[in-house]
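Chemist: Got a sequence here, can you model it:
(2 chains)
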There are 2 protein chains.
Amino acid sequence: MRYSVFAGGKRLRPALCAAGYSVYHEDYTAVLPIASAIEMAHTYSLIHDDLPSMDDDDFRRGIPSCHREFGEAMAILAGDALLTLAFETVAACRNFPPDKLARAAAELAHALGTQGGMIAGQVLDLQAEGRSLEPQTLEAIHGAKTGALLTASVSLGAYLGGAGQEELEMIRAYGRKVGLAFQIVDDLLDESDSKDRERRKATYPGLFGVERSRRLARELSEQARDAVQPLGKQGRLLMEISAFLETRVR
Amino acid sequence: MRYSVFAGGKRLRPALCAAGYSVYHEDYTAVLPIASAIEMAHTYSLIHDDLPSMDDDDFRRGIPSCHREFGEAMAILAGDALLTLAFETVAACRNFPPDKLARAAAELAHALGTQGGMIAGQVLDLQAEGRSLEPQTLEAIHGAKTGALLTASVSLGAYLGGAGQEELEMIRAYGRKVGLAFQIVDDLLDESDSKDRERRKATYPGLFGVERSRRLARELSEQARDAVQPLGKQGRLLMEISAFLETRVR
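Modeler: Take a look at the predicted model:
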């Protein structure tokens, strides 16, 4: 669990969670347990994704993947345990009233689940391998596989920070745009990944080409910033995260 | 997910949950979503346990195990999804106040986790294979691997039913005794399982012999009933479950 969680990574999801919270409180320390729980859930998905029967990846974040280091059985259990600990961390967090935590745990579970959430995306992705896809199908896969958790990250932060319904909708729209932009950027940076091409994984550059994908990522980032423009200075961290994503494809 | 959840089984954990709740409310319908979530979490553990890199079992509940039917990748995801859905079901249940649900979700996660919970037991069990064990170690393995969730099942039902701290302690003591008795009975019924013997899995009959294990299971069942004796007639279902366990080894 520690080996994989502390292997580095961009920490985009916890950053989004802290940024959502920071719209309402300058000091985002209180939301860090929730942000950490989200990163644990993300790491669980990476560990299971890398398993031989799934993507069969030997490396992750620059070091041997969990199952290469500790064996398959222990990697499955480490992933299971991180998912479990993520829920325990949210449900038992002392920084927020328990009724808000129950709703937060439900939203996290939904984003990770089979109804438009991460596992739905994984299943669609496995089924799509080697097939040619419609753009809408690709968007649906990405929206579920990575978009739902990215959106939940920022939305959970904002909800626990005290966002009202209307602002929560704005921030969710931001999350959806940023999430898709992030995925396109990731696809672009992975263009050289011969494994994805070999398995004919569904990617944006594969479908639209590199130039159009870049343009799309930039447009989505702008739309994300537009969505939270009404928040003014309070949305500063949200703006910065979206700008950071753009720098990655320049 | 459906294939494995609806493959039958004794439903001992949901029965314990309903029995715990029924101490306070004759009609236990309200707690059934929680009881179902517990069974989903249990089923997730069976699916992952059966995987080739874990116990490598081809059959479960009389039909091909999940990975034999749907492949390893889908079985890993089905397990992941059941665990996730278990937490969503608890956290989003409308039959109880959200603050109680947060505590319930935290207790469930703890029972499934690495601090004396199910995954701790799995890891200890994997590490113990092929070694000779002290009785205390065997009890620690069983206490974590199956005992924690069995205890949480009855304790969650009682807590959501409205048990006070003192009664909750009684009911947890009952859960621990019943949990261990159940595991010994299961070991006894599995005595013929050549696979367990071949892998030198840690079992009670293996350590104490059949006769002493039977006696121990009976004693524990009696102790369980003694623990909830003060509840009187309201503890009827708890008594019946413990008596049922005894009939399995007669």
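Chemist: The helix ranked longest in chain A packs against which elements?
Modeler: Determined from DSSP state H, the single longest helix within chain A is helix A:165-189. Under the contact criterion of 3 or more Cβ pairs under 8 Å, 6 or more residues apart in numbering or on different chains; DSSP states H and E, helix A:165-189 touches helix A:12-22, helix A:135-142, helix A:148-161, helix A:204-208, helix A:210-228, helix A:236-247. For glycine as for every other residue, the C-beta is placed from the backbone atoms N, C-alpha and C.
Chemist: where's that helix relative to the chain centroid, distance-wise?
Modeler: Per Cα atoms, centre = their mean, to the nearest Å, the displacement of helix A:165-189 from the mean C-alpha position of its chain is 9 Å.
Chemist: Go through that helix and flag the buried ones.
Modeler: Residues A:167, A:170-188 are the ones in helix A:165-189 that count as buried (16 or more other Cβ atoms under 10 Å in any protein chain shown).
Chemist: do stretch A:1-9 as well
Modeler: Across stretch A:1-9, burial judged by 16+ other Cβ under 10 Å covers A:1, A:3-5, A:7, A:9.
Chemist: With respect to chain B, which of those residues is nearest?
Modeler: Of all the buried residues of stretch A:1-9, A:Met1 has the smallest distance to chain B: 7.5 Å, by Cβ to the nearest Cβ.
Chemist: pretty sure A:His25 contacts A:Gly161?
Modeler: Yes - assessed by Cβ atoms under 8 Å, A:His25 is found in contact with A:Gly161 at 5.8 Å.
Chemist: quick one: which of the two has more around it?
Modeler: Ranked by neighbour count (other Cβ atoms under 10 Å in any protein chain shown), A:His25 and A:Gly161 place A:Gly161 first, with 22 against 15.
Chemist: Neighbours of the closest residue to A:Leu180 other than its chain neighbours, how many?
Modeler: Counting by Cβ to Cβ, 6 or more residues apart in numbering or on different chains, A:Leu180 lies nearest to A:Leu220, which is 5.4 Å off, once chain neighbours are set aside. By other Cβ under 10 Å, the residues close to A:Leu220 number 23.
Chemist: how close does A:Leu220 get to chain B?
Modeler: For A:Leu220, the distance to chain B (Cβ to the nearest Cβ, to the nearest Å) stands at 27 Å.
Chemist: Then A:Cys66?
Modeler: According to Cβ to the nearest Cβ, A:Cys66 and chain B sit 12 Å apart.
Chemist: Kindly report the same for A:Ala91.
Modeler: 4 Å.
Chemist: If we go by neighbour counts, what in stretch A:228-244 is buried?
Modeler: Residues of stretch A:228-244 classed as buried: A:228, A:231, A:234-235, A:237-239, A:241-242 (neighbour count, 16+ other Cβ under 10 Å).
Chemist: gap between that stretch and the chain center?
Modeler: 18 Å.
Chemist: ditto for stretch A:12-22
Modeler: How far stretch A:12-22 lies from its chain's middle: 11 Å, per Cα atoms, centre = their mean.
Chemist: pLDDT of it, averaged?
Modeler: Computed over stretch A:12-22, the mean pLDDT rounds to 98.
Chemist: ok, now stretch A:126-143?
Modeler: 88.
Chemist: tally of neighbours for the residue nearest to A:Phe59 when sequence neighbours are not counted?
Modeler: Spatial nearest neighbour of A:Phe59, excluding adjacent residues (Cβ to Cβ, 6+ apart): A:Ser65 at 6.0 Å. By other Cβ under 10 Å, 24 other residues sit near A:Ser65.
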